[in-house]
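Participant: Requesting a structural model of the entry that follows:
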Amino acid sequence: MDGSLPAALRRDLENLGYAEGKAVVYDGRWSGGQNERLPGLVAELVSRNVDLIIAFGSPAGEAAKRTTSSIPIVVFNAGDLVETGLIQSLGRPGGNVTGVNDPAAALSVKRLEILKELVPLANRIAVLWNAENNAMTLRYHEIGRAAQAKGMTIDPLGVRKASDFDAAIAAMTRTPPDAMMMLTDAFTNLNRQRIIDYVGAQRIPAMYEFADVVRAGGLISYGSDQNEIFRLAAEYVAKVLRGARAGDLPVEQPNRYFLVINLAAAKKMSLNVPQSLLVRADEVIQ
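Facilitator: Predicted coordinates for the structure are as follows:
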């Protein structure tokens, strides 16, 4: 990413009557996964008197909310919006924020269940997440509670800067986990290939949140379809630009979540994927 609006979101907005350069002009900023830059970037947008802010992820949403209480904010890929404090409730968000919610608690439990089905003997699970991201930290704690209820142990691998990935890899080398879960935000996504390559070489089964990580070589994912997220976000943007108050627009959640399995990755680590998962998979990469 480079600060430009994702092509799918631009297309969805154009379909709603907001063609770039005609009905709307985009002024993008990108932190490069460095959350400390977000307040300054948001301040730049506020100083330019933009009509609306689209925030990708919880850190961007939180920075935008702290900076302005008047400019409407549409946020997505930001975890549980109530838990992170971005909105008051799903039905009436309040304030100037609305968007697409991610039911992090339920999804975290489901991903852990799928991982256990994939690797029945897995009891020690490494969890890699951006510890500077409030939404990801909340999600990590949800996984910890679910694991404890199942009698499983969690190895916490919180990262804050690029060099922390070296420490995370070293920790897994010293004490190899039975499986791993990677929580995805802009920062971990930027460094995902290192993790994909490492766990593949070490034959550590890993669960991811989004299908694009599996298509890049990861083993398995369970999560929303990003195209649906973009479509929902575009609808919120259009409603606000047509005069609706962000805080009055009930927050939506994706209708479906998708299971994607990379059999080629499984074969490389000599892992047999249970038929029970294969028949439920929405996409199987050979």
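
Participant: Going along the chain, name the helices of the stretch 51-200 of the chain.
Facilitator: Using DSSP state H, counting those that start in this stretch, the helices of the stretch 51-200 of the chain run over residues 58-67, 104-118, 134-149, 164-174, 186-190, 192-201.

Participant: Looking at those helices, which is nearest to residue 258?
Facilitator: helix 104-118 (11.7 Å; CB to CB). The way it works is simple: take the backbone N, C-alpha and C, and place the C-beta from them, glycine included.

Participant: same for the closest one, what does it pack against?
Facilitator: If you count contacts as 3 or more CB pairs under 8 Å, 6 or more residues apart in numbering; DSSP states H and E, helix 104-118 packs onto helix 134-149, strand 179-182, strand 206-208, strand 220-223, helix 275-278.

Participant: Pairing partners for the fourth one, with directions?
Facilitator: Strand 220-223 has its sheet partners listed here by DSSP bridges as strand 206-208 (parallel), strand 258-262 (antiparallel).

Participant: which of the ones you listed is buried the deepest?
Facilitator: Across these, the average number of neighbours (mean count of other CB atoms under 10 Å) peaks for strand 206-208, which reaches a mean of 28.

Participant: Mind checking what helix or strand follows it in sequence?
Facilitator: Next helix or strand after strand 206-208 toward the C-terminus (DSSP states H and E): helix 211-215.

Participant: Now do that next one: which elements does it pack against?
Facilitator: Helices and strands in packing contact with helix 211-215 are listed as strand 220-223, strand 258-262, strand 283-285; criterion 3+ CB pairs under 8 Å, 6+ apart.

Participant: okay, those strands in CSV with distance to residue 101 next?
Facilitator: Shown next, in CSV, are the helices and strands packed on helix 211-215 (distance: least, CB to CB, whole Å):
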stretch, distance to residue 101
strand 220-223, 13
strand 258-262, 17
strand 283-285, 24
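
Participant: Including mean pLDDT and distance to residue 53, could those strands go into JSON lines?
Facilitator: Converted to JSON lines, these look like this (pLDDT from 0 to 100; distance: least, CB to CB, whole Å):
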{"stretch": "strand 220-223", "mean pLDDT": "97", "distance to residue 53": "24"}
{"stretch": "strand 258-262", "mean pLDDT": "98", "distance to residue 53": "29"}
{"stretch": "strand 283-285", "mean pLDDT": "97", "distance to residue 53": "33"}
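
Participant: I'd like to know which of those lies nearest to residue 164.
Facilitator: Ranking those by proximity to residue 164 (CB to CB) places strand 220-223 first, at 22.7 Å.

Participant: what's next to that closest one, contact-wise?
Facilitator: 107, 110-111, 114-115, 118, 205-211, 213-214, 257-262, 277 (CB atoms under 8 Å, 6 or more residues apart in numbering).

Participant: Centre of the chain to that strand, how far?
Facilitator: Relative to its chain's centre, strand 220-223 lies at 11 Å (CA atoms, centre = their mean, to the nearest Å).

Participant: Please work out how many residues are found near residue 255.
Facilitator: When counting by other CB atoms under 10 Å, one arrives at 9 neighbours for residue 255.

Participant: Who's the closest spatial neighbour of it, skipping the chain neighbours?
Facilitator: Once flanking residues are discounted, residue 255 sits nearest to residue 228: 7.0 Å by CB to CB, 6 or more residues apart in numbering.
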